[in-house]
Every structure is written in C-alpha cells, then in structure tokens.
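Student: Structure for the following, please:
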Amino acid sequence: MIDVFLTVDVEVWCDGWDDIDAKFPSAFQRYIYGHTSRGDYGLPYQLHQLQEYGLTGVFFVEPLFSTRFGLEPLSEIISLVQERGHEIQLHLHTEWVDESSVPLLDNITGKKQFLRYFSLEEQTILIRTGMKLIESAGGRNVNAFRAGSFGFNRETLLALATNRITFDSSYNASMFGLDSGVSPEIPLVEPVKCEGVYEYPMTVFDGGTGSLRHVQLTACSSREMESLLWQALESGRKAFVILSHNFELLNSAMNRPDDIVVARFRKLCAFLDRHRDCFRVRGFRGLTPLPVLTQPAPLTSPIWRTGLRMLEQGLRRRLR
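Tutor: Sure thing, here's the model as predicted:
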C-alpha cells in the first residue's frame, strides 16, 4: 500500500497586473468556476469528480490575493472545498505581496516571484499571515504547505516549524529542488524530516530525455501516470504526490474544456478508485510521517511512452 496525494494548487490570477481591481471579478469566475459554453470545468467540477469516486483531495489554497480583494472570495473557495470533505492547506504566491491594500512587510516594493527571495523573518511573517487569512475565511486545521512555483528554500522549513506547520510539499527535484538547500546533492523523491518539518516531495520521473519531469495532470499522459504508480508501489515507495491546479481542465484561453486533460483526470480517479487495495488516496491530516533514510533513484518511464505523450501533447496544442 502506498499513500497517494492528489494535490490541487488553487490560485486566482488577473492575467497581468494592470487594472486588477476591475479585472478581478471576471478573473475569479473564470479561474474558480471555469464557465464555458459546454459547462463549468473549474474547481466545482474537480470536487464533483473526486466525490463521485470517493477520493480525498488536498487543496493548497493561495490566500494572499485576499489582502487586495477581501476575504469573501477566499471564503467562497474554502467553503466549496470543505463542504465536500476535502483538505484545505496553505499555498503562497508572493507576487501578491506588493499588491496588498495594507503592507504585509516593511520596505517591500516591486515583485518578488518566489518565497525563497525573502529572509527567514519575512517568510515566517508571510506564512503566519497566510494561515490567519485561511482561518479567518473559515479554513480549519492547516498542517501542510506548498510554496508558489515550488520557489522555497531551507529557511522556508524553519519558518514553517516556527508556525507549527508539520508538512511541506514544496520540494520538486525538477524545479529548484537541488538548489533549495534541502538535500543539495541527492534529489529527494521520498519523505524526509528536515528542520523539524516532514518534506513530502513532488513525485518526479526520468522519461528517457535526460531531465526529470514532475507528475502533473497537464504534463503526463494517463499511461505514464498509471505505469509510474505501479512502479512506485512495486518498488516499495512510501508516497506518490500528484499536482494539478483549479484551472487545469480548461484550455489555455480558458473558454472551453481541454478534453484530453479532462479525460486524464477521469481516468486517474477511476484507476485509483479501482485499485484501493494498492493505493491509499489521502491528505496530510492524521498522517503518520514515513521518512526514509536512503533516497532511491527517481522513477523511470520508457522513451516510447514519452514519445506517445509528446504526440498527445501536440494534439492538445492543435485543439486549443
């Protein structure tokens, strides 16, 4: 049995930073609800699919946008997720720091895209602010964190420990992982304890192209995900972390569903439901940490399967 984490990063963007107050209402509807002429394919659709298959999702919700637009939209997101029995956890995109209506930090001007660009003290304050916003909007029992765009460092873990957050899922061996200061020589692919926090890294794999790729709904085919899950189980892995976003079932223009990704999501849910005796889909609450002493090599996928995925991705681009 292996623990599988279906994680969804929940974010709202105004597609640029000009005139964001006027853009936000429509951006919120587009990113959260995903209205299209063929129906809604945003967050409620994902929640419905998980509920249909009896699966638990982990929703890392970005709250700093609410320091500009108020708590009501954040409360709406949290209510949508919690009323269906899923986990609310904390996600921070620091691009919002300089957009806040009230200063979040002293002497901050301009954009800092990643949390790792802030000092330990500043990271501690931002994480505490995010937790308070989630709590004020009705969120309960936050005990896990993911940095926006995986842009964290070792000091982030110290800041999380100070804020009594037990789990982190910011480590991504294909993005920032090796230079985060957490295991700089050996890529992390399994849970470890560092600076008092349990790190559950993104699952990554080598597809035969010479670089690692993380397991994300828009980045992997159904065949790849199923094969990697079996491989992880057979090799005795402790955890398998999958990434998605609230808007990933839409095309790039966000005006219709991405049929290929919608099909991937449905197939993944059905696969995990069908094989409950092998894969335990769960969240971080009530989790007994399972850190490992020795990190195995990343999972692998044959080059022919990578080729099939590239053809599928090419078809997705044509259909956009």
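
Student: alpha carbons only for contacts and neighbour counts from here, please
Tutor: Fine.

Student: okay, Leu319: pLDDT?
Tutor: Leu319 carries a pLDDT score of 59 in this model.

Student: That should have said Arg274, apologies.
Tutor: With respect to pLDDT, Arg274 has a value of 97.

Student: ok, now which ones touch Gly34?
Tutor: Listed by C-alpha atoms under 8 Å, 6 or more residues apart in numbering, the contact partners of Gly34 are 40-43, 247, 250, 254-255.

Student: State whether Ile260 is indeed within a strand.
Tutor: No: according to DSSP: H, G, I helix; E, B strand; the rest coil, the state of Ile260 is helix, so it is not within a strand.

Student: what's around it, how many residues?
Tutor: Residues lying near Ile260 (other C-alpha atoms under 10 Å) number 19.

Student: now the contacts of Gly34 in JSON lines, with secondary structure and pLDDT?
Tutor: JSON lines is the format used below for the contacts of Gly34 (DSSP: H, G, I helix; E, B strand; the rest coil; pLDDT from 0 to 100):
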{"residue": "Asp40", "secondary structure": "strand", "pLDDT": "92"}
{"residue": "Tyr41", "secondary structure": "coil", "pLDDT": "95"}
{"residue": "Gly42", "secondary structure": "coil", "pLDDT": "96"}
{"residue": "Leu43", "secondary structure": "helix", "pLDDT": "97"}
{"residue": "Phe247", "secondary structure": "coil", "pLDDT": "96"}
{"residue": "Leu250", "secondary structure": "strand", "pLDDT": "95"}
{"residue": "Met254", "secondary structure": "coil", "pLDDT": "87"}
{"residue": "Asn255", "secondary structure": "coil", "pLDDT": "89"}
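
Student: Take the residues you listed and write them to CSV, including distance to Ser26.
Tutor: Below are the contacts of Gly34 laid out as CSV (distance: C-alpha to C-alpha, whole Å):
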residue, distance to Ser26
Asp40, 14
Tyr41, 15
Gly42, 14
Leu43, 15
Phe247, 14
Leu250, 16
Met254, 12
Asn255, 12
